[in-house]
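Colleague: Build me a model from this:
(2 chains)
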Number of protein chains: 2
Amino acid sequence: MNNRGSLIVVSGFSGAGKGTLMKNLVERSSRYALSVSMTTREPRPGEVDGVSYFFVSQEEFDRTAQEDGFLEHASYVGHSYGTPKAWVLEQMKKGRDVILEIDAQGARQIKRIMPDAVLIFVVTPNAECLLNRLKGRGTEHRDVIARRIRQAATEAEEIAGYDYLLVNDDLEQCTDDLEDIIRASHFDPHHNTELVENLKKELHEILQRSGDFL
Amino acid sequence: MNNRGSLIVVSGFSGAGKGTLMKNLVERSSRYALSVSMTTREPRPGEVDGVSYFFVSQEEFDRTAQEDGFLEHASYVGHSYGTPKAWVLEQMKKGRDVILEIDAQGARQIKRIMPDAVLIFVVTPNAECLLNRLKGRGTEHRDVIARRIRQAATEAEEIAGYDYLLVNDDLEQCTDDLEDIIRASHFDPHHNTELVENLKKELHEILQRSGDFL
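Modeller: A predicted model of the protein is given here:
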């Protein structure tokens, strides 16, 4: 197997606990790296440049886009968001598995240009549980909760396009499952094309000289 | 997640140690079940009916084929071989992961009718290693070894059609890797369609009654 890391794309219901799951994952090993997005929106209190996001001007964002510097990018309520390509590829080359939290549209964009990216969708065990978690946050208005449930219903239609579905019931179990999926991804043949090409070449070389020693 | 087992299809170079790998796997847990093929050829010394193969007459084989009783079947040097469908499906329903050792043609047949079957190809770390293992058996003639190397070169062209590539260098490590892949397969969305459909239904139910309590 080669030593290259995988690109792991995580989507899922708002309220399914993706953030906690990813935090738990990266705390387990330094081989996991969370991708940091670039955005043109203003930092909110407590957000740190280079950790929460890379906060940039619209000019810098547009220049990066023109230079083909994003794996994917999109606009959302007047602001631009994108995944810087160079950093992700560099981490993967170093053998780190890069985790990217992104919506279904972004996930499809990524899969088109990197077919061996692994798409994972995270859900709650059932819909009541999602509702209770959203209510339990205590900070959300009724209309925000209703919007998130509607959004979940729309997103659920996208699940069949994902490689894996994770149910976040127990955090540690779900993190174990996520690690299984990431480890398995290293055995994708398209992740190991060099090994396969070498094998083919060597087999043909043996056949060519086979008269001598077989 | 549902409790259904996966169908794991294993192909690979003759000499890559598939047999030892699968023996090691099933010894680790009773949740793994090795599929037993049906054949019309005569038992060889030491082969046990129902363990090595189900040995049947051509009539019984043909009747099973006519009744759509095989997941796949093929003829090879005058004898028929097939994978009995009912037993495999019953084991999967019981929650066992069924392992099937089969060639690339059979693997393709299986994937067509069961898209969530997991196709794994097993290779040696390199071609010289394969050659040494074939020579090391001590029982093979030079022309048999040459044929196996030619066969490996042909089969290597099929690897890109597999879901996973396993390098059998260290047996225990390779068995660990195989178990990772099998565990990950339980999170395929197509393996959990019932869960997804329930989620969608529940989300819509919540939205319908949302005026009352959100």
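
Colleague: ok, which stretches of chain A are strands?
Modeller: A:7-12, A:32-34, A:38-39, A:54-55, A:70-76, A:79-84, A:97-101, A:118-123, A:164-167 (DSSP state E).

Colleague: Among those, which comes closest to residue B:13?
Modeller: Nearest to residue B:13, of all those, is strand A:118-123, at 26.5 Å by Cβ to Cβ. (Each C-beta comes from the backbone N, C-alpha and C, glycine too.)

Colleague: For residue A:9, give its distance to residue A:197.
Modeller: 27 Å (Cβ to Cβ, to the nearest Å).

Colleague: Also residue A:173?
Modeller: Counting by Cβ to Cβ, the gap from residue A:173 to residue A:197 is 38 Å.

Colleague: Pull the number of nearby residues for residue A:147.
Modeller: Residue A:147 is flanked by 14 other residues according to other Cβ atoms under 10 Å in any protein chain shown.

Colleague: now do residue A:129
Modeller: Residue A:129: 17 surrounding residues under other Cβ under 10 Å.

Colleague: Tell me how far it lies from chain B.
Modeller: The gap separating residue A:129 from chain B is 9 Å, by Cβ to the nearest Cβ, to the nearest Å.

Colleague: Report the contact partners of the residue nearest to residue A:196 when sequence neighbours are not counted.
Modeller: Nearest residue to residue A:196 in three dimensions, chain neighbours excluded: residue B:159, at 5.3 Å (Cβ to Cβ, 6 or more residues apart in numbering or on different chains). The neighbours of residue B:159, taking Cβ atoms under 8 Å, 6 or more residues apart in numbering or on different chains as the test, are A:189, A:196, B:121, B:123, B:165.

Colleague: Quick check, pLDDT for the fourth one.
Modeller: This means residue B:123. Predicted confidence (pLDDT) for residue B:123: 96.

Colleague: what sits opposite it in the beta ladder?
Modeller: Beta-bridge partners recorded for residue B:123 (DSSP bridges): residue B:167.

Colleague: For it, grab the count of nearby residues.
Modeller: Neighbour tally, residue B:123, other Cβ under 10 Å: 26.

Colleague: For it, give me its contacts.
Modeller: Counting by Cβ under 8 Å, 6+ apart, residue B:123 touches A:199, B:12, B:13, B:16, B:130, B:156, B:159, B:165, B:166, B:167, B:168.

Colleague: Distance check, residue A:132 against residue A:145.
Modeller: 10 Å.

Colleague: Neighbour count: those two, which is higher?
Modeller: Set residue A:132 next to residue A:145 and count neighbours by other Cβ under 10 Å: residue A:145 wins out with 19 against 12.

Colleague: Could you find the closest non-adjacent residue to that one?
Modeller: residue A:134 (4.8 Å).

Colleague: Then residue A:79?
Modeller: Leaving aside its chain neighbours, residue A:79 sits nearest to residue A:41 (3.9 Å; criterion: Cβ to Cβ, 6+ apart).

Colleague: repeat for residue A:88
Modeller: Excluding the flanking residues, the one nearest residue A:88 by Cβ to Cβ, 6+ apart is residue A:98, at 5.1 Å.

Colleague: Now the weakest link among the strands of chain A, please, by mean pLDDT.
Modeller: Looking at the strands of chain A, the weakest mean confidence is strand A:70-76, a mean of 91.

Colleague: tell me what that one is packed against?
Modeller: Strand A:70-76 is packed against helix A:58-66, strand A:79-84, helix A:85-93, helix A:104-113, with contacts defined by 3 or more Cβ pairs under 8 Å, 6 or more residues apart in numbering or on different chains; DSSP states H and E.
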